[in-house]
Structures are given as structure tokens and as C-alpha cells.
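Engineer: The sequence and its predicted three-dimensional model are supplied below.
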Amino acid sequence: SANAGKTFLIFVTGSGGTSRNLTSAVAGAPAGCALGNEQGVQVTFTCRGASGGTGTAPVIDSATIEGGVLVVRGSNFQDTSLATINGTRVKKMKFKNAVTTGSNISYNTLILKGNACGLLNGNAELKISNSDGGFATKRITQTCQ
């Protein structure tokens, strides 16, 4: 999280040397020489924290199968949150353990029902997205019996 928001260039070393990933033309370069790597593509990535997005990010502490449903514990789940597993929207959600801060209400537990168990394949990505753009993800290696 110390690097959240910073942008980094990626350099690759191979048999032909190290890619330059140029951000400006080098002295003596012919006119029209591409910036970026040798194909003219600037390769960058930007760090974010454990959660992402542009809004209020939820936090996923755990996700366990209990009694045939997926129980997600954490914080800052909003009653407008959406849950997806491997990109497929979970059809039924229950919000539990409300927390009131001023006029805002969030929840610390989500109960995911409906198609949730059937989407767990032993290596599934759970994503909780709040309506303001914040989100969190967690890898789930369990499957439902």
C-alpha cells in the first residue's frame, strides 16, 4: 500500500538486451523514433491497495462455506453492494451485522445464496463492489458439497 497510486515502467531483459521503455527521445535518435518499448508501446502499471476502485472500498476478511451458503465477513459492505464470483453475479444476498456511522449504514457480513455455491470451482475470485465504485476481491479455494 506504500506504493498505491504510483506508476511504474516495466523493463524486460532478453537475448537482445534490455527494453528501453523510453519516456522521451534519446539524443541522436532519428526523427519519428517510437517512444515506449521497441514496438512503441509504453508498458506501465499502477499500484493500488488491497482494495481498489474510485469509491469507498469494502474489506473482505474471510469467505467460508457454512451450511450450504457462502458467508463473507469484513466491513464496509453497503446495502447496494454487488457480489460476483468469477464474473457472474450472485443472485441472492443478505446483509447482516449493521454498523451505523453518522447517517451512513454499512454491514460486516454478507450471506451469499442462490447460485453462489455452484460458482465455486476451487479457484474462484469473489468480488464485492460498492455502488460508488469501490471494490475488494478474494480468492476462494473451497467448493460446496
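Structural biologist: Received, thanks.

Engineer: Residue ranges in this protein under the pLDDT threshold?
Structural biologist: Low-confidence segments of the chain, defined by pLDDT under 70: 1-12, 14, 16-21, 33-55, 145.

Engineer: what ranges do the helices span in it?
Structural biologist: Listed in chain order, the helices of the chain (DSSP state H) span 116-119.

Engineer: What segments of it are strands?
Structural biologist: Using DSSP state E, the strands assigned to the chain run over residues 7-9, 13-14, 17-18, 44-46, 51-52, 59-66, 69-77, 82-85, 88-89, 92-101, 104-113, 124-129, 135-140.

Engineer: gap between the residue in the chain sticking out farthest from the centre and residue 22?
Structural biologist: Residue farthest from the centre of the chain, counting by CA atoms, centre = their mean, is residue 28 at 42.6 Å. According to CB to CB, to the nearest Å, residue 28 stands 13 Å off from residue 22. (Glycine included, C-beta is placed from N, CA and C.)
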